[in-house]
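> Any chance you can model this:
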Amino acid sequence: PLARIVAWRNDLIEADPATYAQYLKAFPGLAKLTAFKGSEDSLVDIESAIIQKPDVVLLNLETMRANEDAKFVEKLAALDIPVLYVDFRHHPLENTEPTIRLLGKIMGREARAEEIIAFRHKAMARVRDVLDEHNPPRPKVFIERIGCYS
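Next up, the predicted model:
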């Protein structure tokens, strides 16, 4: 699965080393990928990205404004490197499936993307079915999205 990935940001490595360690167990090749720092204001390290000669740059949706304001998208476009925005975090109910489809399309794996979406539907339906059947009391929950990350 890593054959087409040329680099990534080191956010996961720094923010959640335990999760990164689990990823390494499943995908040891991650350790060989170039991991570069992003900036505090969500800007992509454009020089590091260009050096890797990607066919496309994927950015999180929340970075759109900062990267466009800094003209990074224009600079990458001038080098024929398109930028695509993905979103699994900020509007997951609306954007997860379109993001999976987009990734499937650019990787030439549309059928696999649809399998993942179908799996997601089944998993969510199981949870909904249990909640609908048993109607348990709803707990108050605190969620820390990215603990220890600043």
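
> all contacts plus neighbour counts: C-alpha atoms, from now on.
Will do.

> pLDDT (mean, whole number) over the strand or helix carrying K105?
Taking DSSP states H and E as the criterion, K105 maps to helix 92-106. The average pLDDT for helix 92-106 rounds to 96.

> cool, stretch 4-17 as well?
88.

> Name the residues of stretch 65-77 that come out as buried.
N67, F72, V73, E74, L76 (16 or more other Cα atoms under 10 Å).

> Please apply the same query to stretch 33-52.
Neighbour count says stretch 33-52 has A35, G38, L43, V44, S48, A49 buried, by 16+ other Cα under 10 Å.

> angle of the lengthiest helix in the chain against helix 92-106?
Looking across the chain with DSSP state H, the single longest helix is helix 110-134. Comparing the axes of helix 110-134 and helix 92-106 via axes from the mean of the first three to the mean of the last three Cα atoms, to 10 degrees yields an angle of 160 degrees.

> export stretch 6-15 as PDB, just CAs?
Taking Å, rounded to 0.1, in the frame of the first residue of the first chain, the C-alpha atoms of stretch 6-15 are listed here in PDB:
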ATOM      1  CA  VAL A   6       6.500   9.500  -1.700                       C
ATOM      2  CA  ALA A   7       6.300  11.400   1.600                       C
ATOM      3  CA  TRP A   8       4.100  12.500   4.500                       C
ATOM      4  CA  ARG A   9       4.100  15.000   7.300                       C
ATOM      5  CA  ASN A  10       5.400  13.900  10.700                       C
ATOM      6  CA  ASP A  11       2.200  14.900  12.600                       C
ATOM      7  CA  LEU A  12       1.300  11.400  13.600                       C
ATOM      8  CA  ILE A  13       4.900  10.500  14.500                       C
ATOM      9  CA  GLU A  14       5.100  13.500  16.900                       C
ATOM     10  CA  ALA A  15       1.500  13.700  18.200                       C
END
